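1. next come a sequence and a model predicted from it.
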Amino acid sequence: MSDEILDKLRRLHQYTADLNGLLASVQAQAPPEEATGTDPSGAVQVKLGPDGLPTDIRVMSGWQPRVEPQDLGQAVLAAFQAAVAEGQRAWSEGFDGASWLAEAERVERRAEDRYEGEALAPLPPAPVYGQPRDPLAMTEDVLKALQAVRTRGVQPPAPASGRNRERTVSITLSPGGLQGCEIEPRWAAREGAAGVNSGLSEALAQAHAVLRGQAAQGEAEAANLDALAREALATLASLTNVDRRGERR
């Protein structure tokens, strides 16, 4: 392998390591374990977990004078937004933004300067990449995986929706949070707070289950792409006769 290619691989490896370190510094400053928000009328309260998804949606006792039954779903969304704002406020108060920004600028400067004059981290030994494969067979698998990714990219993600048994409450989640909440007005007026809360809890649990299934599928696909990438690097290393230290034999 030429010195130029090895140098580019080292720079890419160093930049990836820098970005991983930057991401780790953000993740170390965990969001609050729980954030709570209430809609402007005070009729609905929503609690969020550290992932920003609702863990509990509760209609307060005596909600009827505060909000019309047909507006109850919108009140849930308003309470969710209030909880998000509260969580962001609590997180930002504990986040050292100045330190993180300085580190991000340092990483970008290093990348722009192409790490000139710096001792770059050595390439990891080839075995961590995976096992070499027949190049033609591996190329075919890579193309199939890329085609699958392209197909998913043009298709809108399926909603993670859940309903209660009576199908009078519907909740839609995405990894970004609560996307929708529909509550049948006449049913809500008859049931009162206890019945509505039971329906909300059931629909929310079902939506979470659907979202977890989607996440598991995405993780499996990502693991497949990661394995292909490792095999590709191992195959490249074997074809270019690179030893365990990434140097020319």
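-> Sure thing, it's come through. Residues are numbered from 1 along each chain as shown.

2. could I get the pLDDT score of residue 129?
-> We have a pLDDT of 56 for residue 129.

3. from the contact counts, what lies against the biggest helix by length in the chain?
-> If you go by DSSP state H, the chain has its longest helix at helix 185-239. Based on contacts counted as 3 or more CB pairs under 8 Å, 6 or more residues apart in numbering; DSSP states H and E, the elements that helix 185-239 packs against are strand 54-59, helix 72-94, helix 135-153, strand 160-163, strand 169-174, strand 177-183. The way it works is simple: take the backbone N, C-alpha and C, and place the C-beta from them, glycine included.

4. so of these, which one's packed in deepest?
-> Stretch with highest mean neighbour count among the helices and strands packed on helix 185-239: strand 169-174 (a mean of 22; mean count of other CB atoms under 10 Å).

5. that one to strand 54-59, inter-axis angle?
-> Put simply, strand 169-174 runs at 150 degrees to strand 54-59, going by axes from the mean of the first three to the mean of the last three CA atoms, to 10 degrees.

6. and strand 169-174, which strands flank it?
-> strand 160-163 (antiparallel), strand 177-183 (antiparallel) (DSSP bridges).

7. what's the angle from the longest helix of the chain to strand 54-59?
-> Going by the same axes, to 10 degrees, helix 185-239 makes 170 degrees with strand 54-59.

8. okay, and the beta partners of the nearest residue to residue 77 once chain neighbours are set aside?
-> Counting by CB to CB, 6 or more residues apart in numbering, residue 181 is the residue found nearest to residue 77 once chain neighbours are left out, at 5.8 Å. Beta-bridge pairing of residue 181 under DSSP bridges involves residue 171.

9. what sits against residue 181?
-> With contacts defined as CB atoms under 8 Å, 6 or more residues apart in numbering, residue 181 is in contact with 57, 73, 74, 76, 77, 169, 170, 171, 172.

10. look up the pLDDT of it for me, please.
-> 97.

11. how about residue 162?
-> Looking at residue 162, its pLDDT reads 96.

12. residues contacting the spatially closest residue to it that is not a sequence neighbour?
-> Leaving aside its sequence neighbours, residue 162 sits nearest to residue 206 (CB to CB, 6+ apart; 2.9 Å). The neighbourhood of residue 206, defined by CB under 8 Å, 6+ apart, consists of 161, 162, 163, 171.

13. distance of residue 206 from residue 70?
-> 23 Å (CB to CB, to the nearest Å).

14. could you do residue 104 as well?
-> Distance, residue 104 to residue 70, using CB to CB: 47 Å.

15. dump stretch 183-198 to PDB, restricted to CA.
-> Written as PDB, here are the backbone C-alpha positions of stretch 183-198 (Å, rounded to 0.1, in the frame of the first residue of the first chain):
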ATOM      1  CA  ILE A 183     -59.000  10.700  22.000                       C
ATOM      2  CA  GLU A 184     -62.700  10.100  21.100                       C
ATOM      3  CA  PRO A 185     -64.600  13.000  22.600                       C
ATOM      4  CA  ARG A 186     -67.900  11.300  23.500                       C
ATOM      5  CA  TRP A 187     -66.100   8.400  25.100                       C
ATOM      6  CA  ALA A 188     -63.800  10.700  27.100                       C
ATOM      7  CA  ALA A 189     -66.800  12.600  28.400                       C
ATOM      8  CA  ARG A 190     -68.500   9.400  29.600                       C
ATOM      9  CA  GLU A 191     -65.400   7.800  31.100                       C
ATOM     10  CA  GLY A 192     -64.000  10.600  33.200                       C
ATOM     11  CA  ALA A 193     -60.300  10.900  34.300                       C
ATOM     12  CA  ALA A 194     -59.900   7.200  35.400                       C
ATOM     13  CA  GLY A 195     -61.100   5.700  32.200                       C
ATOM     14  CA  VAL A 196     -59.200   8.100  30.000                       C
ATOM     15  CA  ASN A 197     -56.000   7.500  31.900                       C
ATOM     16  CA  SER A 198     -56.400   3.700  31.500                       C
END
